[in-house]
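**Student:** I'd like to go over a predicted model; first the sequence, then the structure.
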Amino acid sequence: MGGTAMNERFRERMSDAHVRADTRTVGDFVGIYCEGNHADRVRAALQSDAATLGVYTRKTPVLCDECAEHLRYAEKRRAYCARDPKPFCAHCDTQCYKPDKLAWQRTMMRYSGPRSVWHGYAIAGIKHALEALKYRKQHRDA
């Protein structure tokens, strides 16, 4: 954004179905967080490169400026993740988030995760919890 042409690598990565799905999920979770914590702020439909590419097919997140900035950052982190298959960021040994952004992301996920069940993510939430348990068990036993 910011008046510059969209990076072709970003465009290419966002054409991957898994990258799009992950990005859409994070966008929905940031929306849950923003609605619950920043209802008193001015919020607007997200303007980002991913939004321009139509990644948010169901509904473009409506966010305050702070949450929109964080989501744009998360879009880039997901698009440029070098790990394949991509692990959960919380379990990744190659942390690509800046410390302040990582702290915000963790806070947002801890808030949005449990509430996502009421926003249509019950099955995805259960899968995520099971994958996290599996990951922890594998690394505990290793």
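**Tutor:** Okay, I see it.
**Student:** so for stretch 18-38, what's the average pLDDT?
**Tutor:** Mean pLDDT, computed over stretch 18-38, is 94.
**Student:** Next up, the contacts around residue 100.
**Tutor:** Under the criterion of CB atoms under 8 Å, 6 or more residues apart in numbering, the contact list for residue 100 is empty. To be clear about C-beta, it is placed using only N, CA and C from the backbone, and glycine gets the same treatment.
**Student:** Need phi/psi at it.
**Tutor:** phi -70, psi -40 (degrees, to the nearest 10).
**Student:** repeat for residue 92
**Tutor:** Taking degrees, to the nearest 10, you get phi -80, psi 140 for the backbone angles of residue 92.
**Student:** Check the burial of it by counting its neighbours.
**Tutor:** 13 (other CB atoms under 10 Å).
**Student:** How about the secondary structure of the closest residue to it other than its chain neighbours?
**Tutor:** Distances taken as CB to CB, 6 or more residues apart in numbering place residue 83 nearest to residue 92, at 6.6 Å, with adjacent residues excluded. Secondary structure for residue 83, judged by DSSP: H, G, I helix; E, B strand; the rest coil, is coil.
**Student:** confidence score at residue 83?
**Tutor:** 76.
**Student:** Same question for residue 5.
**Tutor:** If you check residue 5, the pLDDT there is 61.
**Student:** Then residue 96?
**Tutor:** Looking at residue 96, the pLDDT reads 84.
**Student:** What helix or strand is the closest residue to it other than its chain neighbours located in?
**Tutor:** Spatially, and ignoring its direct neighbours in sequence, residue 96 is nearest to residue 77 (5.5 Å; CB to CB, 6+ apart). Using DSSP states H and E, residue 77 sits in helix 65-79.
**Student:** What helices and strands are in contact with that helix?
**Tutor:** Helices and strands touching helix 65-79, by 3 or more CB pairs under 8 Å, 6 or more residues apart in numbering; DSSP states H and E, are helix 8-13, helix 17-37, helix 49-52, helix 99-115.
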